[in-house]
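S.K.: Let's see this in three dimensions:
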Amino acid sequence: METSIERTAKNLMLLQDLFRRHQHEVETKFDVSYLEMELIQFVLKNGHQKMKDVADNFYIKLSTLTTIIDKAENHKLLKRVASKEDRRVVYLEVSKKGEEIYNKYIEQLKDITERLGATLSENEFEALVLGVDKLTEMPLI
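M.R.: Next up, the predicted model:
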């Protein structure tokens, strides 16, 4: 018989697979990389951001971010804006197209959540929400 710890560890691995499939679906449906979607979300959530701060947040080198932003700019998802105070500083902003794609993505997530809620009782759904809240608050490493 599986313990709760073993079952949870197994389910976390299944969630990793589910997340990878979700990333693939986002890339296919919205024609953006999942990292581009994450960048759009980060900038929308935090306002325009310095390139260095974005690189630090995503634990990537500035040169790697530059390559990713080049592609995102070509897709007209994000744009670089030079600081008026210091020309060496470059900010990232989300374009209108990037915001539209992100809003469609959020609508898809809401739809998925509603369908999930429809398959669970109210108590089960509330327990799931509380469990996910705890999971996202917990440092995993």
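
S.K.: Number of residues surrounding Y102?
M.R.: 20 (other Cβ atoms under 10 Å). (Each C-beta comes from the backbone N, C-alpha and C, glycine too.)

S.K.: Quick check, central residue of the chain?
M.R.: Compute the mean C-alpha point of the chain, and by Cα atoms, centre = their mean the closest residue is E38, 3.6 Å away.

S.K.: how about the closest residue to that one other than its chain neighbours, what does it touch?
M.R.: Nearest residue to E38 in three dimensions, chain neighbours excluded: F58, at 7.4 Å (Cβ to Cβ, 6 or more residues apart in numbering). Neighbour list for F58: L35, E38, L39, F42, L65 [criterion: Cβ atoms under 8 Å, 6 or more residues apart in numbering].

S.K.: Highest neighbour count among those?
M.R.: L39 (25 neighbours).

S.K.: neighbouring contacts of whichever strand or helix holds it?
M.R.: Secondary structure assigned from DSSP states H and E places L39 in helix 34-46. Residues from elsewhere that reach helix 34-46 (Cβ under 8 Å, 6+ apart): 23, 26-27, 30, 32, 49, 54, 57-58, 68-69, 71-72, 75, 77-78, 92-94, 98-99, 101-102, 105.
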